[in-house]
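*Asks:* give the three-dimensional model of this entry:
(chains A and B)
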2 protein chains.
Amino acid sequence: MSDMNRQWLLRSRPTGMVTEENFERTETPIPTPDLSAGEALVKTLVLGFDASQRVWMEAEDSYMPAVELGDVMRATGVGQVVSSENPDLPVGTLVQGLVGWQEYCIASPTSPFPFNVLPPGTPPNLALSVFGVTSLTGYFGMLNVGELKEGDTVLVSGAAGATGSVAAQVARIKGCKVVGIAGGRDKCQWLLDECKLDAAIDYKSENLDERLAELFPEGINLFFDNVGGDMLETAIAHMAMHGRIVLCGAIASYNDSEARPGPRNINRLIMQRIKMQGFIVIDYLEHAPTAMADLADWVMSGQMAWQEDLQAGFDAIPATLQRLYAGQNQGKQLLQLAEPT
Amino acid sequence: MSDMNRQWLLRSRPTGMVTEENFERTETPIPTPDLSAGEALVKTLVLGFDASQRVWMEAEDSYMPAVELGDVMRATGVGQVVSSENPDLPVGTLVQGLVGWQEYCIASPTSPFPFNVLPPGTPPNLALSVFGVTSLTGYFGMLNVGELKEGDTVLVSGAAGATGSVAAQVARIKGCKVVGIAGGRDKCQWLLDECKLDAAIDYKSENLDERLAELFPEGINLFFDNVGGDMLETAIAHMAMHGRIVLCGAIASYNDSEARPGPRNINRLIMQRIKMQGFIVIDYLEHAPTAMADLADWVMSGQMAWQEDLQAGFDAIPATLQRLYAGQNQGKQLLQLAEPT
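*Replies:* All right, here's what the predicted structure looks like:
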């Protein structure tokens, strides 16, 4: 391996849409000589991209501390141990964790976010896509937060995304009528053909309000929202009595330069006795083994479809993040940096 | 008694603030000769006023059907049976129900909202104030919807109102730190002196944001909101992780001519994993006996304070409703039409 570790640092905080200018490309020596007892040097193989990375770039802490200016941009990924002072992480081990936008990082036993060893035989990509945190988010959001019941009428926004597609399919597998919202004909076709949803709405070419009226004559029992903004307001107008809204994400507003007004129909939450609840997947990770077992079962038996959008190359990292906010990704956004040995 | 029944009809639907012009004063013959088997003629003694009456005046049905143009304005009240074809409602009985803005009404056994007989000895005013539906709203909203826990830090808006004062005192009785928001020094003093809250914020003269920062350094666990609008947005900014927001009412916006933007910080519901839930008291009325027993206990033992704002006279009815939206009422807004015999 080369002696240098290429990195993308956070140079500035975005005021609106995140741009490549917010990052700075740099190189530092690979930190091998500094390995302490318990540490391992990890080479990044694949990076995962999440809408919440834009949230971490804000000055204010969110559910995670803000990324400091000058620090390596935070990111999930899968890597391989290439040097080790930790007997639990021998050379060659595949691990998953917050590798960051860099070619090498150190897995430290004292990190607040320790690395996990991949179950033997797990392809790195799958560990980040259908068996990744985004899938767990869809699973827990639907079942634990949304309290999904058989027979519910369910709407999912961002339904062709990594989280939304799992949320929607969990609801379909549990015997619900499920409608997905996505942007573009290809995504909608995938929702119908592969995810087997009851209907798909292309918000770019269809009138969401009219379609919801048509598809949910009795109202929506459960809305799983990844988008926020106007879509949330429109969905609130179609919620059934005692409906539940799971606020998973708000990709529509993450890149706003100033906070936009919220839904004008908040009072409908009172009249219709609606529960709207935000959540973060990290609160549910203690139940991850059960969720992973279910997901593995559904994937292996062909009940659950997934998609990966694999980009490549160190230089393409910032542009790949932008793909999420432009809705260009077809499924879980990944980027490959290296092959496992 | 005179032969005529004075009534206020709904003449037009308000486009902004409700005004006296929205109502029409009329007189019709008292409907005594028309009494059928099971019916009773009820003379109105006291009317109760509720912020939600403005909601019932809209064209669109809410949790109750819209009041039709030309119909008697819907209102709760206590009346006395003055003529009866119902052996369960002998002459002299005090009853509570949707009497409407009129001097006489018929208690029909087939009404979707049947009248209740007051427990013997209950003063009519108290049946509408501290033992009324507004109190049940505060009780159920805090305990059943808000899932109040001992030690919670609690904020109540509209805290000097009929619902808010009960909600706040239930939380205080259950061992919570409670802060009330009200408009004006007198209301705030009453919250401190009589309701024994930990603090009161006069939103008319104090900076709500600063006071919340000072009073809730660790954030708000439970916010019981009667007001909505900007106050909701400000409170969301101070919610603690996993906080709960009970949406009971939104008096700030009931008289808006067009829907106002919602809170700009909805995304904080995600980051802080906040649950925001609307409710209507009628969903909990099966538990009313338990609630009434608790309320009676607290009132009799001096643990729960209440206030009534008693107006008088048939002509003053529309103006008395307006007092609610102007925040002029000191406690439960009532109006006396007649004394019991």
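*Asks:* for chain A, which residues are neighbours of chain B?
*Replies:* When proximity is defined by CB under 8 Å from any CB of the partner chain, chain A lies next to chain B at A:55, A:62-63, A:228, A:232-233, A:247-250, A:253, A:259-280, A:283. Just so you know, the C-beta spots here come from the backbone N, C-alpha and C atoms, and that holds for glycine as well.
*Asks:* and these, which are buried?
*Replies:* A:55, A:62-63, A:228, A:232-233, A:247-250, A:253, A:260, A:262-280 (16 or more other CB atoms under 10 Å in any protein chain shown).
*Asks:* which residue does the stretch 1-150 of chain A have closest to chain B?
*Replies:* residue A:62 (4.8 Å; CB to the nearest CB).
*Asks:* which element is residue A:191 on?
*Replies:* Using DSSP states H and E, the element containing residue A:191 is helix A:185-193.
*Asks:* other residues contacting that helix?
*Replies:* For helix A:185-193, the external contacting residues (CB atoms under 8 Å, 6 or more residues apart in numbering or on different chains) are A:159-160, A:165, A:168, A:180, A:182, A:197, A:199-202, A:205, A:305, A:307, A:330.
*Asks:* quick check: mean pLDDT of stretch A:35-43?
*Replies:* Taken as a whole, stretch A:35-43 has an average pLDDT of 94.
*Asks:* buried ones in it?
*Replies:* A:35, A:39-43.
*Asks:* then stretch A:52-64?
*Replies:* Buried, per 16+ other CB under 10 Å, within stretch A:52-64: A:52-57, A:62-64.
*Asks:* how long is that stretch end to end?
*Replies:* 10 Å (CA to CA, to the nearest Å).
*Asks:* run through who's touching it.
*Replies:* By CB under 8 Å, 6+ apart, stretch A:52-64 touches A:10, A:13-14, A:18, A:22, A:66-67, A:73-75, A:249, A:254-255, A:280, A:282, A:321, A:325, B:271, B:273.
*Asks:* confirm residue A:169 sits in a helix?
*Replies:* Yes. Counting by DSSP: H, G, I helix; E, B strand; the rest coil, residue A:169 falls inside a helix.
*Asks:* who are the packing partners of the lowest-mean-pLDDT helix or strand in chain A?
*Replies:* Ranked by mean pLDDT, DSSP states H and E, the weakest helix or strand in chain A is strand A:116-117, scoring a mean of 92. Using 3 or more CB pairs under 8 Å, 6 or more residues apart in numbering or on different chains; DSSP states H and E as the contact test, the elements touching strand A:116-117 are strand A:94-97.
*Asks:* which residues touch the strand it packs on?
*Replies:* A:40, A:42, A:45, A:76-81, A:89, A:107, A:111, A:113-118, A:122, A:124, A:127-128, A:132, A:340.
*Asks:* so which of the residues you listed are in helices?
*Replies:* Those of the contacts of strand A:94-97 mapping onto helices are A:124, A:127-128, per DSSP state H.
*Asks:* ok, and the most crowded of those residues?
*Replies:* Scoring the ones in helices among the contacts of strand A:94-97 on neighbours with other CB atoms under 10 Å in any protein chain shown, the highest-scoring entry is residue A:128 at 27 neighbours.
*Asks:* how about that one, nearest residue that isn't a chain neighbour?
*Replies:* residue A:48 (4.0 Å; CB to CB, 6 or more residues apart in numbering or on different chains).
*Asks:* now do residue A:333
*Replies:* Here the residue nearest residue A:333, using CB to CB, 6+ apart, is residue A:49, at 3.9 Å.
*Asks:* hang on, the one you found packs against residue A:324?
*Replies:* Yes. Shown here, residue A:49 and residue A:324 form a contact pair, counting by CB atoms under 8 Å, at 5.8 Å.
*Asks:* which of the two has more neighbours?
*Replies:* In this view residue A:49 and residue A:324 are compared by other CB under 10 Å, and residue A:49 has more residues nearby, 25 against 22.
*Asks:* picking up where we left off before, tell me which of the residues of chain A next to chain B fall in helices.
*Replies:* A:55, A:232-233, A:267-271.
*Asks:* and for the closest residue to residue A:238 other than its chain neighbours, the neighbour number?
*Replies:* Distance criterion CB to CB, 6+ apart; nearest residue to residue A:238, sequence neighbours excluded, is residue A:212 at 4.3 Å. Neighbourhood size, residue A:212 [other CB under 10 Å]: 22.
*Asks:* got a list of what residue A:212 touches?
*Replies:* A:155, A:201, A:220, A:234-235, A:237-238.
*Asks:* now render the residues you listed as CSV, adding neighbour count, secondary structure and pLDDT.
*Replies:* Below are the contacts of residue A:212 laid out as CSV (neighbours: other CB atoms under 10 Å in any protein chain shown; DSSP: H, G, I helix; E, B strand; the rest coil; pLDDT from 0 to 100):
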residue, neighbour count, secondary structure, pLDDT
A:155, 29, strand, 98
A:201, 24, strand, 98
A:220, 24, strand, 98
A:234, 19, helix, 98
A:235, 25, helix, 98
A:237, 17, coil, 97
A:238, 22, coil, 98
